[in-house]
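> Sequence first, predicted model second:
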Amino acid sequence: MLILASASPRRHELLLQAGIEHLVRPSDVSEERLPNEGPVPFVQRIAEKKARAAAGRPEDTILGADTAVVVNGQIFGKPVDPPDARRMLRTLSGIDHHVYTGICLLSKDRRVVDVSDTRVRFSALSDEEIDLYVRSCEPFDKAGAYGIQGLASKFVTGIEGCYHNVVGLPLSMVYSYLKLNGNIS
């Protein structure tokens with residue numbers, strides 16, 4: 001059985017939409033960045049920590065994932081309060097940024113750690129647009145203070161890469177590894 005080591009309703013929903021059977025077993029791990037840790041090693045390390053924390057029966061395959069929004073080397077996690085969300089959205093306004101999602105699949109005889117990178121372009125945002133969006137409360141449980149699948153979709157002028165990665169889980173990558181590992185026929 002595939003175990004999703006995440007409390008993210010978006011990751012759960014993406015797996016359901018793709019017809020990938022799974023159980024949800026959230027793992028509670030610190031998501032603190034190590035000194036001088038780059039965005040790719042960071043999301044990969046956290047994804048693996050989540051997978052290891054949720055490990056259980058040897059016959060299960062555990063999926064951990066972590067997403068970060070990156071602008072000029074600066075990692076944006078989830079905003080801590082409205083001013084932090086406004087700061088992130090002002091920074092994203094009118095520029096390209098990267099969304100990295102690290103994944104880790106653990107089974108009794110296999111460990112896979114990988115990362116998906118999607119480039120996202122935002123339109124220029126007015127202070128009023130930012131304030132309205134922050135008041136919606138949508139930014140507060142999302143890396144980079146926005147959800148591409150929600151109200152912020154109107155700010156996205158283009159993407160290069162996997163759309164589902166920006167939502168929080170690179171489905172095609174996960175599916176490919178599950179198929180390779182024999183978890184899906």
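Here it is on my side, so go on. Quantities reported herein were computed from a predicted structural model and do not represent experimental measurements.
> Could you check which helix or strand contains the most far-flung residue of the chain relative to its centre?
Note on the chain: the largest C-alpha distance from the chain mean falls to Glu128, namely 27.0 Å (Cα atoms, centre = their mean). Per DSSP states H and E, Glu128 falls inside helix 127-135.
> Past that helix, which element shows up next along the chain?
Counting by DSSP H and E, what follows helix 127-135 is strand 156-160.
> tell me how far that next one is from the chain's mean position?
17 Å (Cα atoms, centre = their mean, to the nearest Å).
> Tell me which stretches of the chain form helices.
9-17, 39-53, 82-92, 127-135, 163-167, 171-180 (DSSP state H).
> Quick one: closest of those helices to Ser30.
helix 39-53 (7.9 Å; Cβ to Cβ). Heads up, the C-betas are built off the backbone N, CA and C, glycines and all.
> elements contacting that closest one?
Judged by 3 or more Cβ pairs under 8 Å, 6 or more residues apart in numbering; DSSP states H and E, helix 39-53 is in contact with strand 61-71, strand 96-107, strand 110-122.
> Now render the helices of the chain as TSV, adding distance to Val71 and mean pLDDT.
Formatted as TSV, the helices of the chain follow (distance: least, Cβ to Cβ, whole Å; pLDDT from 0 to 100):
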stretch	distance to Val71	mean pLDDT
helix 9-17	21	95
helix 39-53	10	96
helix 82-92	6	97
helix 127-135	15	97
helix 163-167	14	96
helix 171-180	23	94
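> now the helices and strands packed on helix 39-53 in JSON lines, with mean pLDDT?
JSON lines is the format used below for the helices and strands packed on helix 39-53 (pLDDT from 0 to 100):
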{"stretch": "strand 61-71", "mean pLDDT": "95"}
{"stretch": "strand 96-107", "mean pLDDT": "96"}
{"stretch": "strand 110-122", "mean pLDDT": "97"}
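> In TSV: those, plus mean neighbour count and distance to Gly182.
Shown next, in TSV, are the helices and strands packed on helix 39-53 (neighbours: other Cβ atoms under 10 Å; distance: least, Cβ to Cβ, whole Å):
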stretch	mean neighbour count	distance to Gly182
strand 61-71	24	9
strand 96-107	23	9
strand 110-122	18	9
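> To Gly158, which of those lies closest?
strand 110-122 (4.4 Å).
> partner strands of that closest one, parallel or antiparallel?
strand 96-107 (antiparallel), strand 156-160 (antiparallel) (DSSP bridges).
> Now render those strands as a markdown table, adding distance to Ser6.
A markdown table is the format used below for those (distance: least, Cβ to Cβ, whole Å):
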| stretch | distance to Ser6 |
| --- | --- |
| strand 96-107 | 11 |
| strand 156-160 | 22 |
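> Ok, which of those strands comes nearest Pro82?
Among the strands paired with strand 110-122, strand 96-107 comes nearest to Pro82, with 20.4 Å by Cβ to Cβ.
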